[in-house]
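Asker: Based on what follows, work out the 3D shape:
(chains A and B)
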Amino acid sequence: MIRAASGAGRLVPRLRMWLCAVRSDPSPIAAALLAAALVWLVLAPIGSMLIDTVRVQVRDSATTGLRTGEWTLSFLQRTFTSRVSGVLFWTPLANTIVVAALVSLIALPLGAGLAWLTVRTDLPGRRILSSVMVVPYMLPSWTFAVAWLTLLKNRRLGGLPSFAESFGFAPPDWLAYGALPIVICEALHLFPFAFLLFGNALRSVDTQLEESARVLGASGGVIARRIILPLLRPALLSAFLLIFSRVLGSFGTPYILGSGVKFMMLPTALYGSFKIGSPGVAAVIATVTIALGISLLALDVFFVREFKRFVTMGGKGSLRRAAPLGGLRAPAMLTAGAACLITTLLPLASLLASTLMHRPGVFRLDNFTLDYWIAAAIPAMPGQRGLFLNADIAASAWNSLRIACAAAVICGLVGLFVGYLVVRLPSTRLGVFLRQVSFLPYLVPSIGFAAACLSFFAVARGPVPSLYGTMTLLVLVMAVKYLPFASRSGISAMMQMGGEPEEAARVCGAGWLRRLARIVVPIQKHALVAGIVLPFISGMKEQSLVIMLATPGTEVLTTQVLRFVDYGYSQLANAVVLAIVGIVFAFTFILEKLTGSNLASGVSGTG
Amino acid sequence: MASIELQGVTKRFGSAVMAVDGLDLTIRSGSFVCLLGPSGCGKTTTLRMIAGLDLPDEGEIRLDGRILYSTASGEYVPTEKRGMGLVFQSYALWPHMTVAGNVSFGLEMQGLDRERRRARVAEVLELLHIGELAARYPAQLSGGQQQRVALARMLAVSPDILLLDEPLSNLDAKLRLEMRAELKRLHKTIGNTIVYVTHDQLEAMTMSTEIAVMHQGRLQQFAPPMTIYREPANLTVAEFVGSPPMNIIRPSGRPGEGLFDQLAELFPAGAGAVRTIGVRPDDLAVVAATGAAASPAAGRRWIRPARVETILPTGSEWIVGLRVEGHGLFARAVEEPACVPGDEVALAAPLERFHLFDADGRRLSPSGAD
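Answerer: From the prediction side, this is the model:
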């Protein structure tokens, strides 16, 4: 805002004026401080991890025989060209690409078809359908994987039998574990993404565009091919890129369904290398993951979004006429209803049923039990109590709540403040930089970002002590990772408010802090609540981000689930999953009541 | 007492857009000054610079001789310390506060105690006839009520200077008229200095003591309304002020022919310099055709035969489109004209009502009519 007069010899008056202006409105200073903090929290960890790829860490020196701090290319060689590179890197990479492609292949048509049915046809119950359809996306991404094990695992992993086994069917390995179930579970989780993107794109296409073509004599097929598809192509490309990047960053599903048969994907390979104590290799894999993730989302952000702009230029007052389904109404409704049932009710119901049975799938009265919820001791699981009495679970739940809550509050406040500063400092280099740097964490896959933060914060740096194993690290990483969503909504909220309410307060004699406290924050109350609750919900179900950072002292619910899955305590694992789902739904409901908005679109950003 | 002086004030947006260019303006204490001009002429920017919300790139702004802003010395008194009032075009009422809360905010900033705040709020709301709205929230008010609250909020602190940025542009015609009368009444009652931004010349003409006409960031003329109307300083002002707009007559390109050359001959003193001639539709009278051809300038009157092309009744008046010497002109009649399109009539105007402009569009003295 301050553009002091040009010309030499006027430095003193310019400086004087700048000081006056900044004292009255310290936004530029605040923006500079915030930008610096974000650089330290986002760019520094990634830089530190890049260095780790060519420098020996303490934990590596024992296994490699190299001295700590020495520069080396051995990690790169080991990852990319050594005899073990196939197992370490190339196979997981290939698996990731194949799985992502297959997931897109299922999720895109499914989401697009359902979007068309609910947006453009007279399908009965399409309103309800469109809100139910988003539920799979609100569930933690790995819910389906846990449910899959409950329903279809076989003797290979041991432990309790699955439903299928109890019914007398032994699922073969290819059905129980590995690529196929991972693809299906990811697709079920991610198809609402395609559904939302297509639904919104379809809504923005004026039916008059189709009608104009029809008036000119085009048939339905020609209209679909020449008018609708070209207009939806950006949404298609966007959905594909976003699904790909989601698969790239998701840890839970491949871990739960792939580990048993050594089916590795990049996130699990990264975790594996980290666990067996080769941080150098882990850094290399994380770097590749981040590079891939950034390129995918950068493509989406800088190419597709630009392109998308003209889609919404369809015209004002777009009228939508529903296409009659005619005789297809009933089958279409059955299919859509079945899709809803399979994607939401089935996994949740099977999880719930399993927690109420000693042996899953055995429907005998004496097999039903509430032990896994309320028993003081569970015979089959030494040392464990039912969910409500379980000290470990209570500790994890307390950690989860504390971490998600702290991260969400920080995220919401900082996000709103970023929005304020970006809108107040438009078209200045500082404002633009702040907007970009606060958006950066969005581009970095969760697990890669966690690896980078681990690399940077594991050692003491200046006044900041080593944060490894502390709650602070989890809170910081989570807050930063969710900041892009909070700051994006902060920016749009501030844009909507405009500068005048604050300027009016200024005219009335209110100083900067007073304006913030009395005018800006109260007006943005709802945006702030949404900016806190949304990250909180995401934080409660976050796994990819915390799996490498959680230690025995900082176990959270989502890592506790994996622990129970590893032990074979499936009923407890499932009970914890249901608890997380319950919390997520409860807060989603509260948020919808508070803001009076439909969360379907709001949730689409966060994971 | 509160006079405002702007000296050499310049404001650029980016490197290309010159919002305000070397503005010199002195606003007398107690005057009601309208900044008038088309959108993008820099009038709102000027107002915001007076308020301190935008900072000039060059120049100095003073309040009663005290420097508020100066690029030469680096002095800058921020908005919140200037003690002015500013009513925004959008009203910018705070949606989370009641009407009373909005109005008392400024008093609170001045450190008034609760009792005195309450009394003053009641007084101001009464002044604007909205006492019964005190407990409502802005979202529950109509546009006109919001307008009054926005005004009350700024009047509450009794500012010496009240700045208004197109405050009536979002109101319907009837309310606009009411509020115009109200503002004029308030100015009389309170006697503070008002700077009022508008693109509506009717608003400027009816309310202000002086009008500053701006165009492309430059001040075109600063004078009382009737002077602006009767003696526009240049072609830009002449064309902008007046509805229907002034008839503009330019040379036809063939020397010795056309309306311009005929008219120019009537003003021998300025003949060489005149490039444009203007005459307001109000000053043109449609008269009977008889005898018009004989005398181009009978006495101090110009009179020419004309053909009626169109008649546009507006309800209160008639705009008559005529063709004189191949040149289209509009005349304004307050009584129904006794002619129909196609009629041959005559058009007459007093010579002193013609406006002459030179090659740069500057006004030439009409005394050449002698």
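Asker: What's the separation between the closest residue to chain B within the stretch 351-500 of chain A and residue A:394?
Answerer: Relative to chain B, the nearest point of the stretch 351-500 of chain A is residue A:500 (3.6 Å; C-beta to the nearest C-beta). Yep, even glycine has a C-beta here, placed from its N, CA and C like the rest. The gap separating residue A:500 from residue A:394 is 50 Å, by C-beta to C-beta, to the nearest Å.
Asker: Show me which of the two is the more surrounded one.
Answerer: residue A:500 (18 against 13; other C-beta atoms under 10 Å in any protein chain shown).
Asker: Wait, the residue of the stretch 351-500 of chain A closest to chain B touches residue B:90, no?
Answerer: Yes: the pair residue A:500 and residue B:90 passes the contact test of C-beta atoms under 8 Å, sitting 5.6 Å apart.
Asker: Quick one: low-confidence residue ranges for the chain.
Answerer: By default, I'm working from chain A. A:1-9, A:303-322, A:595-607 (pLDDT under 70).
Asker: that answer is for a different chain, and I need it for chain B
Answerer: B:1, B:256, B:269-271, B:290-299, B:366-370.
Asker: now do 50
Answerer: B:294, B:367-370 (pLDDT under 50).
Asker: State which strand of it is the longest.
Answerer: Taking DSSP state E as the criterion, chain B has its longest strand at strand B:301-313.
Asker: what sits up against that strand?
Answerer: With C-beta atoms under 8 Å, 6 or more residues apart in numbering or on different chains as the test, strand B:301-313 has contacts from B:259, B:262-263, B:266, B:286-287, B:289, B:292-293, B:295-297, B:318-325, B:328-329, B:336-337, B:339-351, B:354.
Asker: out of those, which are buried?
Answerer: Using 16 or more other C-beta atoms under 10 Å in any protein chain shown as the burial test, those include B:259, B:262-263, B:266, B:286, B:292, B:318-322, B:324-325, B:329, B:337, B:339, B:343, B:345-349, B:351, B:354 as buried.
Asker: Now, the residues you listed that are in strands?
Answerer: Using DSSP E, the buried ones among the contacts of strand B:301-313 in strands are B:286, B:318-322, B:324, B:329, B:345-349.
Asker: For the stretch 51-200 of chain B, what lies in contact range of chain A?
Answerer: Within the stretch 51-200 of chain B, the positions adjacent to chain A are B:51, B:53, B:55, B:57-58, B:70-86, B:88, B:90, B:92-96, B:105-106, B:109-110, B:153-154, B:157 by C-beta under 8 Å from any C-beta of the partner chain.
Asker: Show only the entries of those residues found in strands.
Answerer: Among those, the members found in strands (DSSP E) are B:58, B:70, B:85, B:86.
Asker: which among those gets closest to chain A?
Answerer: Nearest member of those to chain A, counting by C-beta to the nearest C-beta, is residue B:86, at 4.4 Å.
Asker: that older thread, if you rank the ones in strands among the residues of the stretch 51-200 of chain B next to chain A by neighbours, which is first?
Answerer: With neighbours defined as other C-beta under 10 Å, the most crowded of these is residue B:86; it has 30 neighbours.
Asker: Flag every residue of the stretch 351-500 of chain A that's near chain B.
Answerer: A:427, A:498, A:500.
Asker: could you pull out the helices for chain B?
Answerer: Using DSSP state H, the helices found in chain B span residues B:43-51, B:99-109, B:114-127, B:143-155, B:173-190, B:201-207, B:225-230, B:235-240, B:258-265.
Asker: Now distance to residue A:437 too, for the ones you listed, in CSV please.
Answerer: Converted to CSV, the helices of chain B look like this (distance: least, C-beta to C-beta, whole Å):
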stretch, distance to residue A:437
helix B:43-51, 30
helix B:99-109, 35
helix B:114-127, 44
helix B:143-155, 38
helix B:173-190, 47
helix B:201-207, 47
helix B:225-230, 52
helix B:235-240, 47
helix B:258-265, 64
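Asker: Residue A:542: which of those helices is closest?
Answerer: helix B:99-109 (40.8 Å; C-beta to C-beta).
Asker: Which strands or helices does the closest one pack on?
Answerer: Where contact means 3 or more C-beta pairs under 8 Å, 6 or more residues apart in numbering or on different chains; DSSP states H and E, helix B:99-109 is packed against helix B:114-127, helix B:143-155.
Asker: so of these, which one's packed in deepest?
Answerer: Greatest average neighbour count among the helices and strands packed on helix B:99-109 goes to helix B:143-155 (a mean of 23), per mean count of other C-beta atoms under 10 Å in any protein chain shown.
Asker: closest to chain A among the ones in strands among the buried ones among the contacts of strand B:301-313?
Answerer: residue B:319 (33.8 Å).
Asker: Can you name the residues that contact that closest one?
Answerer: So residue B:319 contacts B:244, B:281, B:311, B:312, B:313, B:330, B:331, B:332, B:333 (C-beta under 8 Å, 6+ apart).
Asker: which of those are buried?
Answerer: B:281, B:311, B:330, B:331, B:332, B:333.
Asker: For residue B:274, see how far away the nearest residue to the fifth one once chain neighbours are set aside is.
Answerer: Pointing back at residue B:332 there. With sequence-adjacent residues excluded and distances taken as C-beta to C-beta, 6 or more residues apart in numbering or on different chains, residue B:332 is closest to residue B:281, at 4.0 Å. Distance from residue B:281 to residue B:274, counting by C-beta to C-beta: 20 Å.
Asker: first to last residue in stretch B:39-55, what's the distance?
Answerer: 20 Å (C-alpha to C-alpha, to the nearest Å).
Asker: Off-centre distance for it?
Answerer: Centroid separation between stretch B:39-55 and its chain, computed with C-alpha atoms, centre = their mean, to the nearest Å, is 16 Å.
Asker: How about stretch A:404-418?
Answerer: The answer for stretch A:404-418 is 16 Å, by C-alpha atoms, centre = their mean.
Asker: For it, give me every contacting residue.
Answerer: For stretch A:404-418, the external contacting residues (C-beta under 8 Å, 6+ apart) are A:30, A:34, A:434-435, A:438, A:471, A:474-476, A:478-479, A:482-483, A:485-491, A:493-494, A:521, A:524, A:527-529, A:531-536, A:538-540, A:542.
Asker: thinking residue A:73 is in contact with residue A:54, fair?
Answerer: Yes: at 6.5 Å, residue A:73 counts as touching residue A:54 under the criterion of C-beta under 8 Å.
Asker: Quick one: neighbours of residue A:551, just the number.
Answerer: Residues lying near residue A:551 (other C-beta under 10 Å) number 14.
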